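J.: can you look at this prediction? I've put the sequence above it.
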Amino acid sequence: MGDVTHEQANLLLKLYDLRREPRLREARSWFGQHFDAKTPEEMNKKYPIGSEGNAFFRMVVSYWDMAAGLVNRGLIDDELFFESSGEAWFVWERLRNLAPGLRAASKNPHAWGQLEALAKRIEEWQETRAPGHLAAMRLRINPDRTASATK
């Protein structure tokens, strides 16, 4: 385990406090239960700008990208964060196939780069601790996408 400071632990607890904000909690619940878009066009159709779904998407993804930036800069110990923050990986997993198209559409190749970098490190860490866990999680959270990706 890394050397965790009280400041890092307090920052992690602050991130968890922010997650408890009622509107963000509602957005996170919606994202986990309802968000499903495979292309930017599908996303725009299902969750147009101004819709609650679009707002929820932006709230969840921007929150986790911000949190990822803190961890990526070393402000929170990786292992401390990884042990208790699987939701960051889950959000990236839902966004992963959609991100290239959204980045191209917005002409911003850096969009969600912090979240993507963090998710890659979480995957490496998780695979050393529990080989096969993430493959099982992918199958559980996206059975239709996982099945089509392996064909």
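T.: Great, that's in hand. Numbers count the residues shown, from 1 in each chain.
J.: from here on, contacts and neighbour counts on C-alpha atoms
T.: Fine.
J.: how about low-confidence regions in the chain?
T.: Under the criterion pLDDT under 70, the flagged ranges of the chain are 1-2, 143-151.
J.: and the nearest residue to residue 122 once chain neighbours are set aside, its phi and psi?
T.: In space, and not counting its chain neighbours, residue 122 is closest to residue 82: 6.3 Å by C-alpha to C-alpha, 6 or more residues apart in numbering. Torsion angles at residue 82 (phi, psi; degrees, to the nearest 10) stand at phi -60, psi -40.
J.: ok, residue 82 to residue 120 distance?
T.: 11 Å (C-alpha to C-alpha, to the nearest Å).
J.: likewise for residue 106?
T.: The gap separating residue 106 from residue 120 is 23 Å, by C-alpha to C-alpha.
J.: these two: which has the busier surroundings?
T.: More crowded of residue 106 and residue 120, by other C-alpha atoms under 10 Å: residue 120, with 13 against 10.
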